[in-house]
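Novice: Need coordinates for the following:
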Amino acid sequence: MMRKLLLSSCMLWLMACANDESDRILSKDSMQIIMWDMMKADELFIRKMVTDSNAVKNKEDVKLYETVFRIHKVTKDRFFESYRYYEAHPILFKEIIDSIDSKSNRERIDRYSGKRNKP
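Specialist: Numbers count the residues shown, from 1 in each chain. Below is the predicted model:
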């Protein structure tokens, strides 16, 4: 009887910990979208550095990242906690990276095949 009670308590504790973690960690889909936007922000920053030598000093990259976080209504801490979680789970992290890569390839194909949305 005592053994069953102990086992049940352990199971409840593990489930509670798992639920707590899942509330803090962003979903794979959210991470993919946010990381895609972060990469776009990096690309914009690199282009800006070419014409504006003060971009690094003015921390333009940090401002762009903060804008991405604000758009997606996520804190920097929550994003990086999720990022570390996915890094520690390589299979999940690979799925995110692969989806970003696929999106990049689709955009590249559309851009060079003339299917790009025109303003």
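
Novice: Contact partners for Met31?
Specialist: By Cβ atoms under 8 Å, 6 or more residues apart in numbering, the contact list for Met31 reads 82-83, 86, 96. Backbone N, C-alpha and C define where each C-beta goes, glycine included.

Novice: Give me the buried subset of these.
Specialist: Buried residues within the contacts of Met31, defined by neighbour count using 16 or more other Cβ atoms under 10 Å: 82-83, 86, 96.

Novice: name the element the residue most central in space within the chain belongs to?
Specialist: Nearest to the geometric centre of the chain sits Met31, at 3.0 Å (Cα atoms, centre = their mean). Using DSSP states H and E, Met31 sits within helix 28-51.

Novice: Now that helix: buried residues?
Specialist: For helix 28-51, by 16+ other Cβ under 10 Å, it's 31-38, 41, 45, 48.

Novice: which residues touch the closest residue to Leu26 other than its chain neighbours?
Specialist: Nearest residue to Leu26, sequence neighbours excluded (Cβ to Cβ, 6 or more residues apart in numbering): Ser82, at 4.1 Å. Contacts for Ser82 (Cβ under 8 Å, 6+ apart) come out as 24-26, 31.

Novice: Many thanks, have a good one.
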